[in-house]
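In: When you get a sec, could you give me coordinates for this:
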Amino acid sequence: PPPTPEPDVLTPDEAFDALYSYAAPALVRQTFLLTGRRRLSYESVERAFHLAWQHWPEVAVDRDPAGWVRAAAYEYAMSPWHRLRRAHSKPDAQSVPGPGGRALLDALLELPPPYRRTLLLYDGLGLDLPETAAETEASTPATANRVLHARAAIAEKLPELGETAVLHDRLTALAREGPAPPMTPAPAVRSGSERRARFWTRAAITVTTLIVSATAFTLVKAPTRYEPPLAPGRPVGGVPVHSGPQALTHRDKQLRQQLRSRLTHGPERLVPQTG
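Out: Numbers count the residues shown, from 1 in each chain. Got it, this is the predicted structure:
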């Protein structure tokens, strides 16, 4: 029989590029629904793929590589530290595609971050309840309560979305439809991840070297035994102590001025005689 052709095996670079081309545009749309900030969405997705390339042996064998990257992008996008950045302090005023898209986005942004993420995963992406609970690191009952409370809050703002099917269709349209956003080429993302890894490796080596040097310097210069502090000196018989220059009293100053004003020869002052 003719030999069976071997299946095409992708190299790590090709597999990463394929995953990036498939998942990155959709992730940008999804993170925009979580944050309302276009630049933060691009940054979050690119940062997530940086992490994916750094942990590619783990991501490549994961049963859902796109889900691995999605979780990393969501975690970075919803970090509370972004509120301190001036560029991400306010949501973008750009229009959202679809009828009533802006109103739905505003209602989503008013939800607490865990409720917003849970609703997007369950009603927007169609994940089942255990998968949503696993990705959000919450229990299944807590995830179900978040979904119910998020739906009630959306229905209160937008009564036309009170039905679950209508809300699901609108969220799905916002998360998956619309023009593909312009993305950074995959090779540039891989090279950026490698540069970031090299930078942090060098920074870690530098900090470790400084700590080791400071520790070695301390061990060399630190005393090896206890040395009690010197007791302050005391005058004995009117003779000043020799522990350092002493502050002159008023009488000492008068005596010094008197000695300086007298000549060095004469009966009033004892002068060593030579020869």
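In: For the stretch 51-200 of the chain, which segments are assigned as helices?
Out: 56-60, 65-77, 101-109, 113-119, 129-136, 140-157, 164-176, 186-221 (DSSP state H, counting those that start in this stretch).
In: who does the first one touch, helix- and strand-wise?
Out: By that I understand helix 56-60. helix 12-35, helix 65-77 (3 or more Cβ pairs under 8 Å, 6 or more residues apart in numbering; DSSP states H and E). C-betas here are computed from N, CA, C, even on glycine.
In: Tell me which residue is most central in the protein.
Out: Centroid-nearest residue in the chain: Trp81, 7.5 Å away (criterion: Cα atoms, centre = their mean).
In: measure it to Leu129 for me?
Out: 30 Å (Cβ to Cβ, to the nearest Å).
In: okay, the helices and strands packed on helix 56-60 in JSON lines with distance to Pro57, mean neighbour count and mean pLDDT next?
Out: Shown next, in JSON lines, are these (distance: least, Cβ to Cβ, whole Å; neighbours: other Cβ atoms under 10 Å; pLDDT from 0 to 100):
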{"stretch": "helix 12-35", "distance to Pro57": "8", "mean neighbour count": "20", "mean pLDDT": "89"}
{"stretch": "helix 65-77", "distance to Pro57": "12", "mean neighbour count": "21", "mean pLDDT": "91"}
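In: Just put the ones you listed in CSV and tack on distance to Val212.
Out: Compiled in CSV, those are given as follows (distance: least, Cβ to Cβ, whole Å):
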stretch, distance to Val212
helix 12-35, 35
helix 65-77, 32
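In: Would you mind saying which of those helices lies nearest Ala173?
Out: helix 12-35 (10.2 Å; Cβ to Cβ).
In: so how far is the closest one off the chain centroid?
Out: Remark: helix 12-35 is offset 21 Å from the chain centroid, using Cα atoms, centre = their mean, to the nearest Å.
In: Using CSV, write down the CA coordinates of it.
Out: The C-alpha coordinates for helix 12-35 follow below in CSV (Å, rounded to 0.1, in the frame of the first residue of the first chain):
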residue,chain,number,x,y,z
PRO,A,12,5.8,27.1,17.1
ASP,A,13,6.0,30.4,15.2
GLU,A,14,3.4,29.2,12.7
ALA,A,15,1.1,27.9,15.4
PHE,A,16,1.4,31.2,17.4
ASP,A,17,0.7,33.3,14.3
ALA,A,18,-2.4,31.2,13.4
LEU,A,19,-3.8,31.6,16.9
TYR,A,20,-3.1,35.3,16.9
SER,A,21,-4.8,35.8,13.5
TYR,A,22,-7.8,33.8,14.7
ALA,A,23,-8.3,35.2,18.2
ALA,A,24,-6.8,38.7,18.4
PRO,A,25,-9.5,40.7,16.5
ALA,A,26,-12.3,39.1,18.5
LEU,A,27,-10.5,39.7,21.8
VAL,A,28,-10.0,43.4,21.0
ARG,A,29,-13.8,43.7,20.6
GLN,A,30,-14.5,41.8,23.8
THR,A,31,-12.0,43.8,25.9
PHE,A,32,-13.5,47.0,24.6
LEU,A,33,-16.9,45.9,26.0
LEU,A,34,-15.2,45.3,29.4
THR,A,35,-13.3,48.6,29.5
